[in-house]
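1. Fold the following and give me the result.
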Amino acid sequence: MWKNLGPVTALYPTPVTVIGMIDEYEKANWINIAHVGVLGENCLMISVHKSHFSNEIIKDKNYVSVNMITENILEAADFVGTVSGKNTDKSNVFDYTVGIKNVPMINQSPVIMECEVIDNYETKEHNQYILKIKHTHIKAEVLDEKGNINYDIFKPILFEMPTKSYYKLGDKVGKCWDIGTKFSK
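-> Have a look, this model is predicted:
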């Protein structure tokens with residue numbers, strides 16, 4: 001028996017990211033964003049509530065870094081989502097390197113994408129920034145022998161909205177486009 005919960009977004013968990021940007025004073029600013037989506041092989045979307053100070057910087061600079069989060073930096077990642085860059089200098093929260101597109105990249109993050117903001121779809125409460133990936137930086141220790149991300153090693157942190165909890169990516173359960181070959185009805 002199904003239970004209708006109404007218009008509940010049931011696509012969680014989603015990856016936790018920290019979005020990095022350089023403000024007008026050339027200082028790093030960070031915001032924790034877990035409302036993210038894939039829009040194709042080289043585009044993503046991040047959804048930022050309009051109340052966040054970071055919107056001003058994103059709209060002004062048009063470039064951000066998308067830093068994937070692992071358990072070793074989760075506490076700092078959560079912190080940058082709880083304080084506003086308008087009132088708190090978050091530039092020293094992470095050790096970082098400035099990337100090719102003049103965006104701060106968290107040194108401890110194993111996967112980072114430098115992105116250009118190419119569009120913004122505004123709703124009543126959120127800016128949905130469409131990002132085109134310009135550069136992807138991956139630490140060698142999370143790559144397999146073929147140069148692909150090995151998620152058994154990487155283990156990104158995931159966010160689940162209904163209970164507002166973090167999870168670590170779990171066990172692999174099958175190989176895409178292979179497991180279905182065994183199906184019969």
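2. Let's test this: name the helix or strand in this protein with the lowest mean pLDDT.
-> helix 151-154 (a mean of 94; mean pLDDT, DSSP states H and E).
3. Please export the C-alpha coordinates of that one as CSV.
-> Listed next in CSV are the C-alpha coordinates belonging to helix 151-154 (Å, rounded to 0.1, in the frame of the first residue of the first chain):
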residue,chain,number,x,y,z
TYR,A,151,34.0,5.6,-5.6
ASP,A,152,35.0,2.7,-3.3
ILE,A,153,37.9,4.9,-2.3
PHE,A,154,36.5,8.4,-2.8
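4. what does that helix rub up against?
-> The contact list for helix 151-154 (Cβ atoms under 8 Å, 6 or more residues apart in numbering) reads 68, 70, 110, 111, 141, 142, 169, 172. Any C-beta I mention is one placed from the backbone N, CA and C, and that applies to glycine too.
5. Among the residues you listed, which lie within strands?
-> 68, 111 (DSSP state E).
6. Could I have the buried ones of the contacts of helix 151-154 as ChimeraX selection syntax?
-> Selection command for ChimeraX covering only the buried members of the contacts of helix 151-154, criterion 16 or more other Cβ atoms under 10 Å:
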select :68,70,110,111,142
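7. Now distance to residue 2 and pLDDT too, for the contacts of helix 151-154, in JSON lines please.
-> Below are these laid out as JSON lines (distance: Cβ to Cβ, whole Å; pLDDT from 0 to 100):
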{"residue": "68", "distance to residue 2": "34", "pLDDT": "98"}
{"residue": "70", "distance to residue 2": "36", "pLDDT": "97"}
{"residue": "110", "distance to residue 2": "39", "pLDDT": "98"}
{"residue": "111", "distance to residue 2": "37", "pLDDT": "98"}
{"residue": "141", "distance to residue 2": "44", "pLDDT": "97"}
{"residue": "142", "distance to residue 2": "39", "pLDDT": "97"}
{"residue": "169", "distance to residue 2": "28", "pLDDT": "89"}
{"residue": "172", "distance to residue 2": "29", "pLDDT": "84"}
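8. Of the contacts of helix 151-154, which is the nearest to residue 92?
-> Set against residue 92, the nearest of these by Cβ to Cβ is residue 70 (19.9 Å).
9. I figured the closest one hits residue 158, correct?
-> No. The criterion here is Cβ atoms under 8 Å, and residue 70 misses it with residue 158 at 11.1 Å.
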